[in-house]
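S.K.: Quick one: sequence and predicted model below, then my questions.
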Amino acid sequence: MSKEQNVLVAGANGTTGRIIISLLQESKNYRPIAMVRTQEQKDHFENEKVATVLADLKEDLSDAVKNADKVIFAAGSKGKHVIAVDQEGAKRLTDAAKHAGVGKFVMLSSMGADNPSMSEDLEDYLKAKQNADDYLKASGLDYSIVRPGALTDKESTGHIELKGKLEKQGSISRADVAKILVQVLEDEVQKNRVFEILAGETPIEKAVRS
């Protein structure tokens, strides 16, 4: 990769989003573009020397993706606007990314999105994630769909367990999830694959490439 690629991060102001932004800032291959909704958030990232775009997942996103080589969708409504943000927002960003010729779309999904009825509490959320994932898979874009277990705010261990389907529950730190999302930006890493992740024993770099 000769020049740095611009990576648009939807949900940049979230807990996981902020970690993704700082990892991209440290990277030699990527430059982050923080997609945020408010001027205050925009000011925060610009003070950190991060390029930003003001955009709302509920509205037109064609301007947001203009300069993006790749996209990470790490936005979440925390249950408040599940259909509007987690489902339709993701679909809208998928369409905009496709239209703009984005090279890869990395989707932060959730374990259980393949079987939303497994959790009564989360069924609506998981159904929205499932619909968004299916839409991305059918879009024709290159993608990686990342489905972590329960997210924690623990320190990164750098070690995970990764499989198409893990057949068990568990948790993983947001810090490790962020690292994985950045790792799979690479064109051929987990290309057009859906996989689940939990805290584990395998180094992230190895796990995502095996």
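M.R.: Received the coordinates, thanks.
S.K.: element containing residue 114?
M.R.: Residue 114 is located outside every helix and strand, with elements delineated by DSSP states H and E.
S.K.: Now do it: how many residues are near it, please.
M.R.: 19 (other Cβ atoms under 10 Å). Where C-beta positions appear, they are placed from N, C-alpha and C, glycine not excepted.
S.K.: Let me see the confidence value for it.
M.R.: Listed pLDDT for residue 114 reads 96.
S.K.: Can you give me the distance of residue 121 to residue 81?
M.R.: 17 Å (Cβ to Cβ, to the nearest Å).
S.K.: no wait, residue 151
M.R.: 19 Å.
S.K.: any weak-confidence spans in this protein?
M.R.: 1-2 (pLDDT under 70).
S.K.: packing partners for the helix ranked longest in it?
M.R.: Assignment by DSSP state H gives helix 123-137 as the longest helix of the chain. Applying 3 or more Cβ pairs under 8 Å, 6 or more residues apart in numbering; DSSP states H and E, one finds that helix 123-137 makes contact with helix 88-100, strand 104-108, strand 143-148.
S.K.: Try it again at 10 Å.
M.R.: Here helix 123-137 touches helix 88-100, strand 104-108, strand 143-148, strand 193-199, going by 3 or more Cβ pairs under 10 Å, 6 or more residues apart in numbering; DSSP states H and E.
S.K.: Show me what the closest residue to residue 170 other than its chain neighbours is bridged to.
M.R.: Leaving aside its chain neighbours, residue 170 sits nearest to residue 198 (4.0 Å; criterion: Cβ to Cβ, 6 or more residues apart in numbering). Taking DSSP bridges as the rule, residue 198 bridges to residue 161.
S.K.: Nothing else from me, thank you.
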